[in-house]
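S.K.: 3D model of this:
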Amino acid sequence: MSVSPRRTGDHVLSMRGIDKRFGAVRALNGVDFRVREGEVVALVGDNGAGKSTLVKILAGVHPADAGTIELDGELVQLSSPADAQDLGIATVFQDLALCENLDVVANLWLGRELIERGRLDEVGMEERTWMLLRELAAKVPSVRVPVSTLSGGQRQTVAIARSLIGEPRIVILDEPTAALGVAQTAEVLNLIERLRDRGHGVVLISHNLTDVLAVADRIVVLRLGRNNGEFDAETATSEVLIAAITGAFDPVRPVSPPDEPRAPVIPLADARRRVDGDR
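M.R.: Have a look, this model is predicted:
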């Protein structure tokens with residue numbers, strides 16, 4: 001896979017001090033998150049780390065209990081998914097939410113059909129569908145076949161293409177390569193790079209660190225509802241990311257500071273002799 005140049009555009013999205021509770025459970029505790037234009041930011045963490053909650057707040061599904069959300073430096077309120085879409089935030093959830101009995105064109109334009117003289121503009125929708133798929137270098141055999149006949153990677157492509165109909169600024173992808181084969185995964189990763197090349201800010205949620213390191217520019221780690229590290233994908237390693245995910249790495253207090261005294265290491269044989277002597 002070709003490596004795209006790293007982007008350093010302006011921050012299009014900034015989330016600061018985001019808190020969220022569900023009853024007695026504090027799902028998010030002062031989380032900060034930001035995305036630049038033309039940048040892929042991976043959001044990783046173990047189950048229960050708060051990734052899904054943060055994404056649902058950004059998608060307008062859940063309101064934040066505290067904190068601020070800014071788009072292009074202006075405070076915004078995300079009270080519903082419609083608010084998020086109107087502000088240019090598109091989300092592709094893991095279940096894709098496609099109508100498998102409909103063809104590709106119908107899925108892309110469902111609820112946003114083009115009307116010409118009181119009738120559906122089938123030709124216009126098909127032409128714009130092909131144009132969008134070509135821009136994404138998508139490999140779809142036909143736009144007039146039911147989605148049920150497509151492969152997992154092709155369905156992911158359709159779901160992502162559908163999210164681009166409204167020209168969003170931010171595209172959120174929730175586990176886009178889950179349960180895909182090697183070839184299909186490579187196809188989706190190429191598609192993510194195309195989104196970055198188009199100038200979209202991409203939020204990638206994934207448990208696959210190999211995929212994350214292949215396409216991400218920055219990696220944000222959540223643990224137990226808190227930020228637990230932010231890493232440059234060019235220099236990060238799987239070992240460092242796993243340490244941050246599991247808690248072995250503390251960005252505030254290193255696990256073993258250089259000046260911290262360490263207990264002497266006693267060889268196992270000597271330790272046994274000491275135990276036998278005490279008896």
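S.K.: Output the contacting helices and strands for the helix or strand in which Gly17 is found.
M.R.: Assigned by DSSP states H and E, Gly17 belongs to strand 11-22. For strand 11-22, the elements it packs on are strand 25-36, helix 51-58, strand 66-71, judged by 3 or more C-beta pairs under 8 Å, 6 or more residues apart in numbering; DSSP states H and E. (Glycine included, C-beta is placed from N, CA and C.)
S.K.: Quick one: the ones you listed as JSON lines, columns for mean pLDDT and distance to Leu224 too.
M.R.: Converted to JSON lines, those look like this (pLDDT from 0 to 100; distance: least, C-beta to C-beta, whole Å):
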{"stretch": "strand 25-36", "mean pLDDT": "95", "distance to Leu224": "8"}
{"stretch": "helix 51-58", "mean pLDDT": "94", "distance to Leu224": "12"}
{"stretch": "strand 66-71", "mean pLDDT": "95", "distance to Leu224": "17"}
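S.K.: TSV for those, including distance to Gly111 and mean neighbour count?
M.R.: Below are these laid out as TSV (distance: least, C-beta to C-beta, whole Å; neighbours: other C-beta atoms under 10 Å):
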stretch	distance to Gly111	mean neighbour count
strand 25-36	26	19
helix 51-58	21	23
strand 66-71	23	16
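S.K.: So for Ser151, which of these sits nearest?
M.R.: Between Ser151 and these, the shortest gap by C-beta to C-beta is with helix 51-58, which sits at 25.3 Å.
S.K.: what's the angle from the closest one to strand 25-36?
M.R.: Helix 51-58 runs at 60 degrees relative to strand 25-36, counting by axes from the mean of the first three to the mean of the last three C-alpha atoms, to 10 degrees.
S.K.: related to what we said a few turns ago, so what are the sheet partners of the strand holding Gly17 and their directions?
M.R.: strand 25-36 (antiparallel), strand 66-71 (antiparallel) (DSSP bridges).
S.K.: Output the helix or strand following the first one in PDB, but only the C-alpha positions, please.
M.R.: Yep, that's strand 25-36 we're talking about. Using DSSP H and E, the helix or strand that follows strand 25-36 towards the C-terminus is strand 40-44. Presented in PDB, the C-alpha positions along strand 40-44 are these (Å, rounded to 0.1, in the frame of the first residue of the first chain):
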ATOM      1  CA  VAL A  40      -6.700  10.100  10.000                       C
ATOM      2  CA  VAL A  41      -7.000   9.900  13.800                       C
ATOM      3  CA  ALA A  42      -7.300   6.400  15.200                       C
ATOM      4  CA  LEU A  43      -9.200   6.000  18.500                       C
ATOM      5  CA  VAL A  44      -8.200   2.800  20.200                       C
END
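S.K.: Which other helices and strands does strand 40-44 contact?
M.R.: strand 25-36, helix 51-58, helix 182-197, strand 201-205, helix 209-215, strand 218-223.
S.K.: got those as TSV, with distance to Val147 columns?
M.R.: Shown next, in TSV, are the helices and strands packed on strand 40-44 (distance: least, C-beta to C-beta, whole Å):
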stretch	distance to Val147
strand 25-36	29
helix 51-58	24
helix 182-197	15
strand 201-205	23
helix 209-215	23
strand 218-223	32
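S.K.: Out of those, which gets nearest to Pro81?
M.R.: Per C-beta to C-beta, nearest to Pro81 of these: helix 51-58, 9.4 Å.
S.K.: which outside residues touch that closest one?
M.R.: 13, 15, 18, 20, 27-28, 31, 33, 43-45, 62-64, 69, 78, 84, 89, 91, 170, 172, 174, 203, 205, 222, 225 (C-beta atoms under 8 Å, 6 or more residues apart in numbering).
S.K.: quick one, helices of the stretch 101-250 of the chain?
M.R.: Listed in chain order, the helices found in the stretch 101-250 of the chain under DSSP state H, counting those that start in this stretch are 104-108, 122-135, 152-163, 182-197, 209-215, 238-246.
S.K.: Now do the strand holding Gly17: everything it contacts.
M.R.: By C-beta under 8 Å, 6+ apart, strand 11-22 touches 26-37, 50, 53-54, 57-58, 62, 64-73, 89, 169-170, 201.
S.K.: Out of the helices and strands packed on strand 11-22, which is closest to Val143?
M.R.: Per C-beta to C-beta, nearest to Val143 of those: helix 51-58, 28.8 Å.
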